[in-house]
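1. Sequence first, then the predicted structure, then my questions.
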Amino acid sequence: MELGDEEDAERRRALLLHYISDKVYDIYQVHKGESENTYDGVKGVLTNYFKPRKNTQIEIYNFRTFKQKEGQSIDEYVTELLKLIKECEFADCDKEILSTLIQNCSSNRLRRRALQEPDKGLADIVALVRAMEMSNIQAQTMENSHSVNAVKQRHPKQKHDKDQRTEGTGSRKFTKQKKSNTKCWNCGGTFPHREKPCPAKG
């Protein structure tokens, strides 16, 4: 047998009051005031009591003091500001985000540029910063490439150095060997003799 809407609502109200603890029931009795004695009425009283109290001034403080982290892109920073501003109840969120961005961004170059163009809105400044970030990345890539090329030009290849050392070693060995193949003063043969003693002394 299916229950009607009113009977179903009454049943849910009774079950809710039955399963809550005695302490919660006492809270309901104290705070119910003139609320309706229905499921929605009971639920509303308990929700309002247990829902965390929002302190708007604290939320505003957290938003306005939130600084851009090192290495954080402008899009990531604006996303964090959008999350924080939801609890601030500002009339013009874009204006507040732009103001906080200018004050707390990590780039002095961006801050000066934004202050020079006070008529630009949040979307314009964000687009400008994206372009600045991209140009910085491209410039850094070019500078790193130039640094690598300069190092290569200053230092010869290791293989070339090794070949030079090998050739030098070979030359020294050849010179030593050449000096050792001299003539004997006694017999005029090659010195030192393979057979001893010198034939001239025999």
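-> The structure has been received and is ready for your questions.
2. buried ones in stretch 43-60?
-> When burial is assessed from 16 or more other C-beta atoms under 10 Å, stretch 43-60 yields the following buried residues: 45-46, 59-60. (Each C-beta comes from the backbone N, C-alpha and C, glycine too.)
3. what separates the residue lying closest to A9 once chain neighbours are set aside from E143, distance-wise?
-> Closest residue to A9 apart from its sequence neighbours, by C-beta to C-beta, 6 or more residues apart in numbering: Y39 at 4.9 Å. Here the distance between Y39 and E143 works out to 68 Å (C-beta to C-beta, to the nearest Å).
4. before we move on, back to that, check the gap between the residue nearest to A9 and E10 for me.
-> When distance is defined by C-beta to C-beta, Y39 is 7 Å away from E10.
5. Give me the domain ranges for this structure.
-> Per automatic domain parsing, the domain ranges recorded for the chain read 8-50, 56-150.
6. per-residue pLDDT, the spatially most central residue of the chain?
-> Closest to where the C-alpha atoms of the chain average out (C-alpha atoms, centre = their mean) is G71, at 5.3 Å. Reading off the confidence values, G71 has pLDDT 88.
7. Check the offset of the helix ranked longest in the chain from the chain's centre.
-> When secondary structure is assigned using DSSP state H, the longest helix within the chain turns out to be helix 122-154. Relative to its chain's centre, helix 122-154 lies at 17 Å (C-alpha atoms, centre = their mean, to the nearest Å).
8. Next, the buried residues of it.
-> Counting neighbours by 16+ other C-beta under 10 Å, the buried set in helix 122-154 is 122, 125-126, 128-129.
9. Mind giving me the packing neighbours of that helix?
-> Contact partners of helix 122-154 among helices and strands, from 3 or more C-beta pairs under 8 Å, 6 or more residues apart in numbering; DSSP states H and E: helix 74-85, helix 93-104, helix 108-116.
10. same for the helix or strand harbouring K23, what does it pack against?
-> Assignment of secondary structure by DSSP states H and E places K23 within helix 22-31. With contacts taken as 3+ C-beta pairs under 8 Å, 6+ apart, helix 22-31 sits against helix 39-50.
11. what about K120, how many residues close to it?
-> For K120, the tally of surrounding residues (other C-beta atoms under 10 Å) stands at 15.
12. and what of Y77?
-> Other residues within reach of Y77 by the criterion other C-beta under 10 Å amount to 22.
13. Test my guess that it contacts C105.
-> Yes: in terms of C-beta atoms under 8 Å, Y77 counts as a neighbour of C105; the distance is 7.2 Å.
14. quick one, what contacts the closest residue to N37 other than its chain neighbours?
-> Excluding its sequence neighbours, the residue lying closest to N37 (C-beta to C-beta, 6+ apart) is R13, at 7.5 Å. When contacts are counted by C-beta atoms under 8 Å, 6 or more residues apart in numbering, R13 is found next to 37-39, 41-42.
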